[in-house]
Structure formats: structure tokens, C-alpha cells
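1. Please work out how this folds:
(4 chains)
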Protein chains: 2
Amino acid sequence: MLYDYLLLDHKSKEPLYAQLYGKIKAAVEKGHLAAGEKLPSIRHLSESLRVSRTTVETAYQQLCVEGYIQSSPQRGYFVQEAVHTSGHKPGVIPQITDEPGPKVRYNFGSDWVDSAHTDSKLWKKHVRQVLNRQEAIASYGEHQGETALREALAAYSHSARGVAASPGQIVIGAGTQPLLYLLCGLLKPEERRVAMEAPGFQQAEQVFADCSIPVRFLPQDQDGVTIRELEASMAKVLLVSPSNRLQIIPMARRVQLLQWAERTGGILVEDDYNGELRYRARPVPAMQGMASERVVYLGSFSKLLLPSVRIGYMVLPEPLLKRYRKRAARYNQTASKIEQLALADYIREGRLEKQLRRLRKLYAVKSTRLTETLRQMFGPLIDLSLQETSLRLLVTVKNGMDSRELVQRARTYGVRLQEARNREGCVVLGFAGIPVEEMAPAVARLKEAWLV
Amino acid sequence: MLYDYLLLDHKSKEPLYAQLYGKIKAAVEKGHLAAGEKLPSIRHLSESLRVSRTTVETAYQQLCVEGYIQSSPQRGYFVQEAVHTSGHKPGVIPQITDEPGPKVRYNFGSDWVDSAHTDSKLWKKHVRQVLNRQEAIASYGEHQGETALREALAAYSHSARGVAASPGQIVIGAGTQPLLYLLCGLLKPEERRVAMEAPGFQQAEQVFADCSIPVRFLPQDQDGVTIRELEASMAKVLLVSPSNRLQIIPMARRVQLLQWAERTGGILVEDDYNGELRYRARPVPAMQGMASERVVYLGSFSKLLLPSVRIGYMVLPEPLLKRYRKRAARYNQTASKIEQLALADYIREGRLEKQLRRLRKLYAVKSTRLTETLRQMFGPLIDLSLQETSLRLLVTVKNGMDSRELVQRARTYGVRLQEARNREGCVVLGFAGIPVEEMAPAVARLKEAWLV
DNA sequence: GGGTATTTGTCCGTATGTATG
DNA sequence: TCATACATACGGACAAATACC
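-> Purely as a prediction, here's the structure:
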């Protein structure tokens, strides 16, 4: 085989792998490579082109991350099916149909994920394997969650997030909400005073409301909640989302928060939503690892694995664990046993970490692409500020419109996005749900909407 | 992954590779990295720490030279086998196990079912089919529960239990507990006064406690809760389990309860636990069907299908439904989407009703066999009282032992069973989990335990 | 149809060129 | 000139999927 259209220029300044990437990408986009078609194997192509296997591998990987092609281990690389259909891909279905309006064509809502890049095949395989274990489906699950999963999570959360937890400290649940209910039940009467960073975490607020636990929202400086406000609030429980903020909480403030907890006997609930998804910045370990005695750690997976898998976990510190054990039997496990066991195997085989690496690369590409496109099209008319871990970009538009108007106008042009709270002229673009190749058209649409 | 103990300080004057070298060296010396343990690969560590591969490589090389670690080409770096002071592994905290006790040979616990009679084959088939529907696993579920399942349940609950519900009134959840939390959130402040029949329904009591809703337990006559006590309690919500009692609630009392609800604006929560499993007596339809405006109906499946499938549903009357709709988006669905869809198909094909017929026959046989065997072996030493719908037999043993002692002694003989609350010398035998052919040996074992 | 050889993606340590003080 | 850090490129080893006998 010669693959002459892929011939590379060794004298060019552009790296070999980049040349190859570009050529294949072009071939896919122009339809020269049909959907489902098999690409030459890494070895064959590297021999044909007289380059190293790594060169080909690097190019393939990048294409893979961006969704042009798909890897099937030990079988080959294949051109993605239907990448460029303009319709909705399965898996990008709106959560709720909030107020109807013009049809949403580009969804920058932060509750979406572009599921084109999940490895549902592998997940299915694991579920199937669990199904074949008769004892797994024919018996009740453990109240606290399957031991196998708790063991896998202890190891994973340690290596991925620096969480120090034994399997016995981990409680599984069908997402964050059931776990929070459980946590509320563990609080002593005098502890039922909760503070949060800012309104907006509706799922949590609802739980506290249901448990009739009063919630205070604390004013913040740029580093997050201040100790002064925290102490003034008289709260005994502070719920923080260190990874889901515009700015990370610097170490100094973290230490202060932990000191507050130890000094006052307070409880720090650390919601590590998407904590492992730092795709660009350097990793910041969970606070739980710094002082596990006063911290409750909350982790989840729906953004990492598949939207349909709703499993979360909570790491309880010793004092709360004691209270939990007394009443564990009164809480039924909410997460599906089969999915728990499948997830345990998935993690144990290191698949989750692999998936994570893949997602990090993908989101790095997406954020770069979005940033570049915005800069290019709007120039000095916008300011950008990328949230380092979450999958959102904070955009300040300097065209005189306020946040509401920006959102409204975008909406009439078929682009869904969110207002930034407390920031005039700011909107938030969640880019997880936008396929790479739709970034440019989506931004173009925004330009139409905003620059009249 | 994270390797938080290796996190580097980019602002430090010390070179990155030197920092890394020092940290790993310290970890090896302190024994945190055991001899022979594999270090993270250069690639992974460089990605995790967001430094270049060379940085990691330089550190590794230096460690290699100094004999701390060893390179094994194409395999990785490993900690040198050498004598190091042993230390505790990080993050491994001893797990607490519940009291062991003698091995359980015969399990009369009421949370047990005899798995030989579940049709797991068919269930597996349905799950597999759902797995093959890509859109099913690659998208978020509906907050209220999958429409397909709610439609199937509306039809099933009507035909099986006389429940009058449209799919829009049905809310799915991972068992009764999450649904009760949700229900608590729907109550107005003045409605937060709950009455129950008697202590013992721990799962529900715990939910009310978590929501700080006071619960009154009402004295009963033989037909259940009396209206007089109900009115005296000033409760606004009454939780009844009509099918999970020793005696059914007669129609007259049912009407009285419904009238109470209508007269006072009260809410009747009907927990129809195992309601469809009347294997001996004539079926009694759900109260919900008699006056759906004031009744919340709760149904579940774990006893019908497979213990591992934890799906329940709640039928909300119009007034509560309105409140629910307003905040539905704030509650995430807890039940597994895949299992919801599999269950929908299962029900739609009429499998659930078939399974029900099978179980009714089976449990009729089991209860007869158990009753007969007990009478035969113990003669006049015991009194039996069979709960008409539930899968339990209330046994009064007249050998002078109290409930605690009966349970304890049985346990040492490898038989697990439960105390009957508030009844001296009584124990509860749940027979769902004992295969028919093991009834006789199990009872013989009890005889050994109790008749010394 | 069951064992064996081959193909293939993937992981790995390594080497080299280059930019920046 | 040298130390540091990064980007690119190389080929060996491995296990799983597949094709072949």
C-alpha cells in the first residue's frame, strides 16, 4: 500500500504527526474516507510512510480525541460514523425542556455532554459480564454499596484525587442527592446549620430544604468563602465545590477552612464535582486528603463515564462514620447493584483512568478551539476567562448588552447558554456538549446574535 | 493519576526534576513505596503533573543511578528490592466488619428471597436488549422516570392492584426511600405531621426523622388505626401499609380513613408493599383506586422480580402532582435507567403478571409446608399466625424463652430469624428465602435450638 | 470446532532537536 | 556554555482480537 495522499514532507517545519493528522482529517471531512471505513494499521502506515509508529500513533490519537476516528482495540482504527450530521447525536438530549422557544441548535448549557466520546462498548461489556454472574443479580446488595466497588473507589480516589479513604468509609449512592439526604440524617441537631458558597447548586439546596435545614449563602472574595463570613454565619457545615469554581481555592484559604472546621468542630463537605477533569491546569488534590477527620468528600461519575450511569460516593470521616454505622441498615442502597459491580470491574481494570486521560485531552482541544474561535471572530470585543477545571468558559462581551440580553438574543438564534451570576455583561459557555467541529459554526451564530 | 505526594511547586527555585527526585526518594525511604512496586510510567506521570516527560525522566534516571529504583525497559520503573524500614501503607485504614457469628445455614430473615424461583434468565435478556439500544445508555434519563416505564406501570398497577393512575402521575425512584424523601419535600409546613401504624417500618421512620418531621405511632384496634386516635393525633399525613399487616384493613375502616382524608385535607400514603402477593386470601385492591384524590400510592418490585432490582414507584394525586412538577428538575432520578427500560419491556410483555402467578403458587406451597412442619414438630408448644400477604409467619414459642433468647439460640444453630417487636416470646419467620425442600431440615434445626 | 499463528492497538523507556534563561 | 524544560520521534514488549488451520 502506498497511501500517496498521506505522503509527508520531512523537510517541513510542521511536525510529521501534525501533517498526518491534518491530511486524514481533511480526507474524512471531504468524504474520501467513508464512515466506518478502516484506516491502515499503525504498523502498515508507519512502514509505508517510513516514519516511526509513534508518529502515526500520535496522529491517530489526536483524531480519536476529536472524534474523527475511533479506536477498536486489537482490531484497528475506524472512521467515526456520522460525525458531521447536523442533527442531534444520540445522547445530547436536553435534560428538561425548560421554557420552549426557538429550537436549540447549539447547546452551551453546562449540563450537557457530548457523548460521542464515551466508550459505551466497554461499559456494555462489563455490564454483560456482571449479568452472567448469577449470584450478583439474585441477591440483595449491601446497604453501604458493594464492597468490590468501595474497594475500587478507595484506590481510585486516592490515586486520582489524593483522597485518603478505606473502603469502610465509603458510602455509595445513586448520585449526590441520596448521599446528601443520608448526610443530613447524620447531623446532630446543633449541626443543622449549613452554609454554601452561592445559590445555584439546586440539587443540594433542595435536599437541605426537604430536611428543613436552614442554608446561608456566604459572600466571597476572589479566593472563595472568607473565614470572617463563615464564622459570622454560625454555620456548622460548609458545603464547598472547590473544583467547580471560576478560580481554584488557593492553598492558604484551604488551610484556613480546615482550621475553621477543626477549631469549631465544623464539617466541611467537599463536592468534588468534575474534580478529576482538570485538563489544562496542574492538578489540585482534594481537600479531604489534607485533613480527612473533618471533611466529607463527595464524588460522582456521570460526567466521566456515561450520562445514564448515576453512581456517586461519599467518604465519611471517623466521627460521622460511627453515626452512620449505627443506622446503616435503615437506609437502602439506591444505586443499581449491577451497575455498581460493572463499575467496580471497570475501575479495577484501569479503564476509568484511561477514559479520564482521553477526556482531558478532548476537553483541552475543545477549550482551545473555542477560545481561539471566539478571539478570532470577536477580537477585542470580548474577554475570556477559562474555568480551570470545569467545562465552561466565562465570556465578557463588550457590546453594551447586559447578561440577560446576551442570553436572550443568543437564544433567538438557536444558541443556548447561561447568564453568569453577579457579573454584568457576562455569560457562561459550557463546551462539553459541543462537538469540536461545531465550535466554529456555533460561535459564528453567536456573532450574528450579538453584533448587530 | 494524581500522585498528590509528588505535586511540584513551579514557583520554587529548586528545579522540577530535583523536587520530584527528592519526593520519590523520600517515599521510598519511608516505605510508602514498597520494594518491587511499579512507579507511574514517565508518560502518565508527566501528564498528571503537567510537566514534560524529560523532567520525569531526569528524576527517574537520577534515582536509578543512586539505586533507589530500577529501570526495566519496556515495562517500567520499579522500586529497588532492598532492605528499607517498613512503614504503613498510606491511606489504608482498617475496615470495620460487622459481628461475624456462626455461619447462617437457614435464613428466615424477611429480607431474603429464594433465588431459585426468580426468572433471572428473562430479566437478563431484557437488560441485554436495552444495552443494545445505544441511545438508551448514552443519554440522561428523565427526572420523573422513563416514560416507557411509567406507561407500563400505569397499565400494570391498574390491572394488578386497581390503581387509577396516568403515566404523568407516576414518579419512579430507587426504592421506597428516595420517593419518601421526595414526598416529604412536597409537604407544606402545616402538613409536616405524620402518623404511622406502629414502629417497625424503619426505612420510612428514618426518612421522616431526616426531614425532621415528627411521627406519631397510633394505637390500633384489630382493624388497624382508629379514626378517633387519628383525629386526636392532629396528624395531616397517615402512612399505612394495608397489605403488610397481620389482618387486612376491612372495607369499612378503609372508607373511614378516606373520609378522614377528605374531611380534614389529610394525605393518605398507602405503602402497598407486596400488595400483589396475596397468595391465599382473595385479592384486596389498593385504597388508591377508591379515592385517588387524597391518596399517595407506593409500589415496589424487589420481591417480585429480583432482589437486585431496586425500583419503586409513587402515584401522586393531583394537588401534590402540581407541587411536584414545579420542582421536578431539582430532583435527579435515582433508579437505574437501564433497569427502568428493561422493566418497562418486561411488564409490557406481560412477564411480570406471569411471574406473579408463579410466585403466588410457590408461596402458598411454602407457607403451607412451613406451617405444617412446625405444627408437626412442635405440636402445642407453638402458636402460629400467618400474615395474609406478606411472606412471614409469626411464631409464639411457649418454652419459657423470651424473643431475644429465641433468636440468639437459633443463631448459634445456624438459623437466622428476627424478633417480633412488642410481643414476648414471639419470633418472625420469613419463608421466602427457604427452598421448599429445606423447610423440614430448617424446622428440625429450630427444634434442636429451642427444645433442650 | 478448538488450538495456534498473526495482526493490531497499546504501553513503555529512550533518543534527539530546540527554546530559554 | 550550561542547565532546564519541552516537543517530537523511535522501536521493543505485551495482550487481546482475529484469522487460519
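2. What is the neighbour count of the residue in the stretch 251-400 of chain A that DNA strand D sits nearest to?
-> Closest residue of the stretch 251-400 of chain A to DNA strand D, Cβ to the nearest atom of the strand: A:Glu349 (8.8 Å). Every residue, glycine included, has its C-beta placed from N, CA and C. Look at A:Glu349: counted by other Cβ atoms under 10 Å in any protein chain shown, it has 13 neighbours.
3. roughly how far apart are it and A:Trp123?
-> 12 Å (Cβ to Cβ, to the nearest Å).
4. Also A:Ser41?
-> Computed with Cβ to Cβ, the distance linking A:Ser41 and A:Trp123 is 26 Å.
5. same thing with A:Arg133?
-> 16 Å.
6. and those two? which has more neighbours close in?
-> Using other Cβ under 10 Å as the criterion, A:Arg133 and A:Trp123 rank with A:Trp123 on top: 23 against 11.
7. Could you figure out how far whatever helix or strand that one lives in is turned away from helix B:120-131?
-> Per DSSP states H and E, A:Trp123 falls inside helix A:120-131. When axes from the mean of the first three to the mean of the last three Cα atoms, to 10 degrees is applied, the directions of helix A:120-131 and helix B:120-131 differ by 170 degrees.
8. C-alpha coordinates for stretch A:393-409, PDB please?
-> Extracted C-alpha coordinates of stretch A:393-409, given in PDB (Å, rounded to 0.1, in the frame of the first residue of the first chain):
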ATOM      1  CA  LEU A 393     -15.700  29.500  29.600                       C
ATOM      2  CA  LEU A 394     -16.700  32.800  31.200                       C
ATOM      3  CA  VAL A 395     -17.200  35.400  28.400                       C
ATOM      4  CA  THR A 396     -17.500  39.100  28.900                       C
ATOM      5  CA  VAL A 397     -19.000  40.800  25.900                       C
ATOM      6  CA  LYS A 398     -18.300  44.500  25.500                       C
ATOM      7  CA  ASN A 399     -21.100  45.400  23.200                       C
ATOM      8  CA  GLY A 400     -23.300  47.200  25.700                       C
ATOM      9  CA  MET A 401     -25.700  44.400  26.300                       C
ATOM     10  CA  ASP A 402     -26.300  43.100  29.800                       C
ATOM     11  CA  SER A 403     -26.200  39.400  30.600                       C
ATOM     12  CA  ARG A 404     -29.900  38.800  30.200                       C
ATOM     13  CA  GLU A 405     -30.000  40.400  26.800                       C
ATOM     14  CA  LEU A 406     -27.000  38.400  25.700                       C
ATOM     15  CA  VAL A 407     -28.600  35.200  26.600                       C
ATOM     16  CA  GLN A 408     -32.000  36.100  25.200                       C
ATOM     17  CA  ARG A 409     -30.500  37.200  21.800                       C
END
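9. residue in the stretch 301-450 of chain A nearest to DNA strand C?
-> Across the stretch 301-450 of chain A, the shortest distance to DNA strand C (Cβ to the nearest atom of the strand) belongs to A:Lys354, at 5.1 Å.
10. What lies in contact with the helix or strand A:Glu229 falls within?
-> In this assignment (DSSP H and E), A:Glu229 forms part of helix A:227-233. Residues from elsewhere that reach helix A:227-233 (Cβ atoms under 8 Å, 6 or more residues apart in numbering or on different chains): A:193, A:195, A:216, A:218-220, A:238, A:256-257, A:260, A:264.
11. What of stretch A:347-365?
-> A:61-62, A:64-67, A:117-119, A:122, A:148-149, A:152-153, A:155-156, A:159-160, A:276-280, A:304-305, A:346, A:391, A:431-432, A:436, B:1, B:44, B:47.
12. buried subset of the residues you listed?
-> Buried by 16 or more other Cβ atoms under 10 Å in any protein chain shown: A:61-62, A:64-67, A:117-119, A:122, A:148-149, A:152-153, A:156, A:159-160, A:276-279, A:304-305, A:346, A:391, A:431-432, A:436, B:1, B:44, B:47, out of those.
13. same for DNA strand C: which of the residues you listed are within range?
-> When contact is defined as Cβ under 7 Å from any atom of the strand, the buried ones among the contacts of stretch A:347-365 meet DNA strand C at A:61, A:64, B:44.
14. so the last one, which of the three states?
-> Here B:His44 is recorded as helix under DSSP: H, G, I helix; E, B strand; the rest coil.
15. Skipping adjacent residues, who's closest to A:Arg323 in space?
-> A:Leu186 (4.8 Å; Cβ to Cβ, 6 or more residues apart in numbering or on different chains).
16. same question, A:Leu298
-> Once flanking residues are discounted, A:Leu298 sits nearest to A:Asp271: 4.7 Å by Cβ to Cβ, 6+ apart.
17. likewise A:Val28?
-> In space, and not counting its chain neighbours, A:Val28 is closest to A:Tyr68: 5.0 Å by Cβ to Cβ, 6+ apart.
18. How about the contacts made by the one you found?
-> A:24-25, A:28, A:79-80, A:83.
19. Could you measure from it over to A:Glu37?
-> Relative to A:Glu37, and taking Cβ to Cβ, A:Tyr68 is found at 12 Å.
20. intersection of neighbour lists for the two?
-> A:Val79.
21. Now name the helix or strand holding A:Gln62.
-> Assigned by DSSP H and E, A:Gln62 belongs to helix A:53-65.
22. Does DNA strand D have contacts with that helix?
-> Yes: Helix A:53-65 is in contact with DNA strand D by Cβ under 7 Å from any atom of the strand, via A:53-55, A:57-58.
23. Now do that helix: everything it contacts.
-> Applying Cβ under 8 Å, 6+ apart, the contact partners of helix A:53-65 are A:16-18, A:20-21, A:24-25, A:28, A:39, A:42-43, A:45-46, A:49, A:69-71, A:77, A:117, A:358, A:361-362, A:365.
24. Give me the subset of those that lies in helices.
-> Applying DSSP state H to these, the entries found in helices are A:16-18, A:20-21, A:24-25, A:28, A:42-43, A:45-46, A:49, A:358, A:361-362, A:365.
25. which among these end up buried?
-> Neighbour counting with 16+ other Cβ under 10 Å marks A:16-18, A:20-21, A:24-25, A:28, A:42, A:45-46, A:49, A:358, A:361-362, A:365 as buried within the ones in helices among the contacts of helix A:53-65.
26. and which of those is nearest A:Asp9?
-> A:Leu16 (8.6 Å; Cβ to Cβ).
27. Just give me the neighbour total for the closest residue to that closest one other than its chain neighbours.
-> Using Cβ to Cβ, 6+ apart and skipping residues adjacent in sequence, the residue nearest A:Leu16 is A:Thr55, 4.8 Å away. Residue crowding around A:Thr55 was assessed by other Cβ under 10 Å; the count is 20.
28. Against A:Gly200, how distant is A:Tyr3?
-> A:Tyr3 sits 52 Å away from A:Gly200, going by Cβ to Cβ.
29. if we can go back for a sec, what kind of secondary structure is the residue of the stretch 301-450 of chain A closest to DNA strand C in?
-> helix.
30. number of nearby residues for it?
-> 13.
31. Equivalent analysis for A:Lys322, please.
-> The number of residues packed around A:Lys322, counting by other Cβ under 10 Å, is 12.
32. Give me the helix or strand of chain A that scores worst on average pLDDT.
-> helix A:134-137 (a mean of 78; mean pLDDT, DSSP states H and E).
33. What segments of the stretch 201-350 of chain A are helices?
-> Using DSSP state H, counting those that start in this stretch, the helices assigned to the stretch 201-350 of chain A run over residues A:202-210, A:227-233, A:251-264, A:318-327, A:337-348.
34. a markdown table please, covering the ones you listed and showing distance to A:Val395 and mean pLDDT.
-> Shown next, in a markdown table, are the helices of the stretch 201-350 of chain A (distance: least, Cβ to Cβ, whole Å; pLDDT from 0 to 100):
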| stretch | distance to A:Val395 | mean pLDDT |
| --- | --- | --- |
| helix A:202-210 | 23 | 95 |
| helix A:227-233 | 28 | 95 |
| helix A:251-264 | 26 | 94 |
| helix A:318-327 | 40 | 96 |
| helix A:337-348 | 36 | 92 |
